[in-house]
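> Provided below for reference: sequence and predicted model.
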Amino acid sequence: PPLVELEAVSKRYSLSEGTLERLLGTEESLRAVTDVDLTVQSGETVALVGESGCGKSTLANLVTGLETPTEGTIRFDGRTVGPAAERTHDDLAAVGVVFQDPRSSLNPRLTVEKAVAEPLHSHGWNRERREARVQELLEQVGVPDRHATSYPHELSGGQVQRVAVARAIALEPRLVVLDEPVSALDVSVQARILNLLADLQAELDLTYLCISHDLGVVEHVADRVAVMYLGELMEVGPVDHVFDQP
Ligand code: ADP
Ligand code: ADP
């Protein structure tokens, strides 16, 4: 089966009493994602594109379980994903997330080794196993040993994003959601991070759902592109097919 299956998935945010929209009687809820069908096969990279506000982050949050759909079904590896409160540790470990701004996604008060060890810790790994795994992960993402005790503000943007990637893959997830993974980085660093992500994908058999507004990035990483517009999925297809249309 596909690794991820979304079937008629919608997400509405209710607007609280007294909001402007409510007073104007225009809308009682905001449809952030409407009736989306999407499957992601194991091992592929699907890029999620579309203008700001079209629902990309909401869709990604539905897939990671941060948000629960208002309607529709999400299946992960053939199993229906329940509400966030019902997720087990193993469910949560199956998906990693890398955010746009590495500095805001890492706790500024945690050293590199603590940041990477955190998911292992909350998963019950003992100290010895954690230390060995952290060392292995830092090597895997190309962060030198001497940075293990550094804080995020002491590292370059690229190094910090490598740490965020190490943290995201620490529990060997099947799927990694990449939310604008390189757009906060210098252009010269972007390609190196994209190459790292590609290497890890091959090595660890990862599946990526990658939000990006950058056509260059999308062409570089994506097997298929999903185009969103005002909360709806307009089109899904191979990169050249989607972008070569008149
Ligand atoms: P981007 O376009 O980079 O995704 P956004 O500003 O749209 O950035 O969203 C950033 C985060 O803020 C997302 O996690 C989204 O769910 C949340 N968010 C966006 N709009 C609202 C809103 N009106 N109220 C509350 N949270 C929001
Ligand atoms: P994108 O990631 O494509 O920029 P988002 O998924 O962040 O889009 O947002 C889609 C729509 O849902 C936007 O209108 C946004 O303001 C709204 N939205 C997102 N998160 C929330 C939230 N937590 N509460 C209310 N509205 C939200």
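Received, thanks. Ligands and ions are numbered 1, 2, ... in the order given.

> distance of residue 211 from residue 55?
From residue 211 across to residue 55, the span is 10 Å (CB to CB, to the nearest Å). No exception for glycine: its C-beta is placed from N, CA and C like everyone else's.

> which pLDDT value goes with the closest residue to residue 156 other than its chain neighbours?
Residue nearest to residue 156 in three dimensions, not counting chain neighbours: residue 189, with 7.5 Å by CB to CB, 6 or more residues apart in numbering. pLDDT recorded at residue 189 is 94.

> and residue 189, which of the three is it?
Three-state call for residue 189 (DSSP: H, G, I helix; E, B strand; the rest coil): helix.

> cool, and residue 218?
Going by three-state DSSP: residue 218 is helix.

> for residue 197, same thing?
With three-state DSSP as the criterion, residue 197 reads helix.

> do residue 237 as well
Per three-state DSSP, residue 237 ends up strand.

> quick one, what contacts it?
Contact analysis of residue 237 by CB atoms under 8 Å, 6 or more residues apart in numbering lists 224-225.

> how does it look with 10 Å?
224-227, 243, 245 (CB atoms under 10 Å, 6 or more residues apart in numbering).

> and it, what are its bridge partners?
For residue 237, the beta-bridge partners are residue 225 (DSSP bridges).

> joint contacts of residue 211 and residue 55?
48, 228.

> name the helix or strand of this structure that has the lowest mean pLDDT.
None of the helices or strands of the chain scores lower by mean pLDDT, DSSP states H and E than helix 20-24, at a mean of 60.

> after that helix, which helix or strand is next?
Per DSSP states H and E, the first helix or strand lying C-terminal to helix 20-24 is strand 29-40.

> that next one pairs with which strands, and in what direction?
Partners of strand 29-40 in its sheet, by DSSP bridges: strand 4-14 (antiparallel).

> residue contacts, residue 11?
Residue 11 touches 29-34, 36, 55, 58-59, 61-62, 67-72, 231, counting by CB under 10 Å, 6+ apart.

> out of those residues, which end up buried?
31-34, 36, 55, 58-59, 61-62, 67, 69-70, 72, 231 (16 or more other CB atoms under 10 Å).

> can you narrow the contacts of residue 11 to ones near ligand 1?
Contacts with ligand 1 within these, as defined by CB under 6 Å from any ligand atom: residue 58.

> please tell me how far the residue in the chain that ligand 1 sits nearest to sits from residue 157.
Proximity to ligand 1, evaluated over the chain using CB to the nearest ligand atom, is greatest for residue 57 at 3.8 Å. Per CB to CB, residue 57 is found 21 Å from residue 157.

> quick one: the helices in this structure?
Remark: helices assigned in the chain by DSSP state H are 20-24, 56-64, 89-93, 102-105, 112-122, 127-141, 157-169, 187-204, 215-221, 239-243.

> ranking the ones you listed by burial, who's on top?
Of those, the one with the most neighbours on average (mean count of other CB atoms under 10 Å) is helix 157-169, at a mean of 24.

> ok, which of the helices of the chain comes nearest ligand 2?
helix 56-64 (3.2 Å).

> got the residues of the chain near ligand 2?
13, 30, 32, 50, 52-58.

> what do you get if the cut-off is 5 Å, keeping everything else the same?
Residues of the chain that fall close to ligand 2, judged by CB under 5 Å from any ligand atom: 13, 32, 52-58.
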